[in-house]
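Chemist: Need the 3D shape of this:
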Amino acid sequence: MTNDTQADLIRQAKDQLLKEMKRGKGSRFNASKRLKKRDQTRTNIVAYASVSVIVLTLLPVFFSTARWLESLIALLTVGMSLLILAFSLLQAQAQDPVKADQFHRCATEINELRRRLRAKPEVDSAELELFGRDYDAILRRYSINHDDVDYDRYRVEHPDEFPGSNEKQQADAKRHVTNVDRLMSGIGAAVITATVASALAASLASPEFLDWVKEIATILRH
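Modeler: Reported below is the predicted structural model:
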């Protein structure tokens, strides 16, 4: 093997390691952001559901509600209470803030190592092997791995780095990312919608509300 051939192989290996480091740190940064967002969303859902339970409990106190509406309110109250319990347990078990911090620190260390390697215009096989070992050591030091959606998000954000991917693969990655983003936000929206709908139904169906509307109409006529 000639010196030029060996140098080319080392450069290719260096480029491949730099690419792996970039994708690794990018996916872990995405994982950190995703877990922080998931923890915040779960906190918001618990808060929304807690307010919902209070509102639903007070509705029969302020409005005369039909029996079917009372049953619906009771069912929603139980559902919201179970939602609070489930999300509180999931949030405590997941420890998303701790994991998000680990992902962020791991990505930062990988990024630092990658900058050091990029700063070297030429490396020999021994130096490149040492950088590879340092990279493996960082990955071992943090015993958690990112999810597929974090890598898919990286693919969506950097399509130029995946020239071999066809349109279907890119579309599948984008769909995966979108579905994960919508899931948690959809639950929060459902909680708010159910609460507002119940409050409107209770107020519109109550005699007090109808009397109030009649009084307003009388005042406006005069």
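
Chemist: V149 touches K33, doesn't it?
Modeler: No - shown here, V149 and K33 do not form a contact pair, counting by CB atoms under 8 Å, at 11.4 Å. Yep, even glycine has a C-beta here, placed from its N, CA and C like the rest.

Chemist: ok, these two, which is more surrounded?
Modeler: Using other CB atoms under 10 Å as the criterion, V149 and K33 rank with V149 on top: 19 against 15.

Chemist: Show the subsequent helix or strand relative to the longest helix anywhere in the chain.
Modeler: Counting residues, the longest helix found in the chain (DSSP state H) is helix 3-62. Under the assignment DSSP states H and E, the closest C-terminal helix or strand after helix 3-62 is helix 67-94.

Chemist: buried sites along that next one?
Modeler: Going by neighbour count (16 or more other CB atoms under 10 Å), the buried part of helix 67-94 is 69, 72-73, 76-77, 79-80, 83-84, 87-88, 91.

Chemist: relative to helix 3-62, how tilted is the helix or strand where G186 lies?
Modeler: Assigned by DSSP H and E, G186 belongs to helix 167-204. Interaxial angle, helix 167-204 versus helix 3-62 (axes from the mean of the first three to the mean of the last three CA atoms, to 10 degrees): 10 degrees.

Chemist: what helices or strands is helix 167-204 leaning on?
Modeler: Contacts defined by 3 or more CB pairs under 8 Å, 6 or more residues apart in numbering; DSSP states H and E place helix 167-204 against helix 3-62, helix 67-94, helix 148-157.

Chemist: Can you name the residues that contact V149?
Modeler: Contacts for V149 were tallied using CB atoms under 8 Å, 6 or more residues apart in numbering; they are 34, 176-177, 180.

Chemist: Columns distance to L200, pLDDT and neighbour count on top of those residues, output as a markdown table?
Modeler: Formatted as a markdown table, the contacts of V149 follow (distance: CB to CB, whole Å; pLDDT from 0 to 100; neighbours: other CB atoms under 10 Å):
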| residue | distance to L200 | pLDDT | neighbour count |
| --- | --- | --- | --- |
| R34 | 35 | 91 | 21 |
| H176 | 36 | 78 | 18 |
| V177 | 35 | 79 | 20 |
| V180 | 32 | 74 | 17 |
